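1. Quick one: sequence plus predicted model below, questions after.
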Amino acid sequence: MMKTITVFKGDGIGPEIVDAVLNILNAAQVPLNYEIFEVGEAEYKRNGKLIPDAAYASFEKNKVLLKAPITTPIGKGFRSLNVTLRKKYDLYANIRPAKSNAAIKTLFSNVDIITFRENTEDLYVGVEEQIDENTVYATKIITKKASERIIKDAFEYAKKHGRKKVTCVHKANILKMSDGMFLNIFKEIAQAYPEIESDDKIVDNTCMQLVMHPEKFDVIVTPNLYGDIISDLTSGLIGGLGLLPSCNLGSEYAMFEAVHGSAPDIAGKNIANPTALLWSACMMLDNLDMQSYATRIRKAVDEVLLESRCLTPDINGNATTKQYCEAIIEKL
Ligand code: NAI
């Protein structure tokens, strides 16, 4: 049966990688209809709205969104639309799997780390206050409810997928109350999963360990900011941001997007790597009980990567986005 999903084309490389991914999904005859919207800076310049009302309405109807990256102004301007969407639809679990691919040569061949990033609070609540000319306060919020649900999800995922260990990443040595509470909740919940090893690490030590011994990590669960930083680090371990997919899940809505941003430095050049968004789309297909399509697409990507004849520049090739996409379609 056909299912309808919402698609946001986003900024920068967004439209290029969305076109590439939809061409591949169509070539794989995935039974999906798409309601496609322009969102972001360009849309704001055209129509005065970053996300048109019709785009919100479509997501609210379809409940599933495939989203391209959106540019956020730095140090000024509007609040991140990504953060807004995650908060508005309570997409509390940001899940980011980083797995080595045999075809991509990196320092380590054995990375298989999945980060569960709390997605609705921490410093991302965006509460900043000018105290005086030389002082600004930023508020970090950690709640029991949000901590419990992301930590439970991480353990449930580990249990369901036969993962061996869950590591809590924090800075509870300094942030004794906020991260301290997150860590205490983690320790409590871990007791309900005696079959799964659990440990915790301070975030700075985690970064060092990740770049020296990534094999020590399996599932990571962590508050919002550390999750953002650590998951970009894990993308570096597997070959770069062009390869790291993600999903943002809540109890009602689901949003699938690449971890990377709008990459303005390469926008419009037809050289962006669409794999991260394509693999995010595969996570979406898994979520929609369309695993057979996801498996076929992942296999086609693996074959193209392994042949190494048609790769985008970020993974040491010289193919365009379109050529890479055509190579995948040929395999399908
Ligand atoms: P970025 O992730 O856009 O780019 C970082 C570097 O990685 C750049 O050199 C870029 O060319 C490269 N890169 C990223 N994706 C790639 C791909 N698919 N193929 C090949 N190379 C790729 O991060 P940056 O430059 O810090 O942010 C640009 C904008 O994106 C900012 O406005 C930021 O706020 C926004 N952003 C949006 C996100 C989202 O919509 N979920 C997530 C992260 C950033």
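-> Alright, I've got the coordinates.
2. CA only for contacts and neighbour counts going forward, please
-> Fine.
3. contacting residues around Glu307?
-> The neighbourhood of Glu307, defined by Cα atoms under 8 Å, 6 or more residues apart in numbering, consists of Ala103.
4. Can you get me a residue count around whichever residue of the stretch 101-250 of the chain sits closest to the ligand?
-> Proximity of the stretch 101-250 of the chain to the ligand (Cα to the nearest ligand atom) peaks at Gly242, 3.9 Å away. By the criterion of other Cα atoms under 10 Å, Gly242 has 22 neighbours.
5. Check Asn273 too.
-> 26.
6. For the ligand, see how far away Ile70 is.
-> 4 Å (Cα to the nearest ligand atom, to the nearest Å).
7. er, Leu66 I mean
-> 11 Å.
8. right, and that residue touches Gly10 too?
-> No: contact between Leu66 and Gly10 fails when scored by Cα atoms under 8 Å: they sit 10.4 Å apart.
9. In contact with the residue of the stretch 101-250 of the chain closest to the ligand: list those residues for me.
-> So Gly242 contacts 258, 260, 272-276, 314 (Cα under 8 Å, 6+ apart).
10. cool, Leu65 as well?
-> Contact analysis of Leu65 by Cα under 8 Å, 6+ apart lists 5-8, 59, 254-256.
11. So what's the residue count around Cys207?
-> Around Cys207 there are 19 residues (other Cα under 10 Å).
12. so who does it touch?
-> 230, 233.
13. Could you report the distance from it to Asn224?
-> Going from Cys207 to Asn224 by Cα to Cα, to the nearest Å gives 15 Å.
14. who in this structure is up against the ligand?
-> Contact residues, the chain versus the ligand (Cα under 6 Å from any ligand atom): 69-73, 82, 241-242, 259-263, 265-266, 272-274, 314.
15. of these, buried ones?
-> Neighbour counting over the residues of the chain next to the ligand (16 or more other Cα atoms under 10 Å) leaves 69-72, 241-242, 259-263, 272-274 as the buried ones.
16. I figured Pro264 was touching Ile13, is that so?
-> Yes: if you go by Cα under 8 Å, Pro264 and Ile13 touch, sitting 6.9 Å apart.
17. For the strand or helix carrying Arg86, the averaged confidence score.
-> Assigned by DSSP states H and E, Arg86 belongs to helix 81-88. Mean per-residue pLDDT for helix 81-88: 89.
18. Ok, stretch 186-199 next?
-> In this model, stretch 186-199 carries a mean pLDDT of 98.
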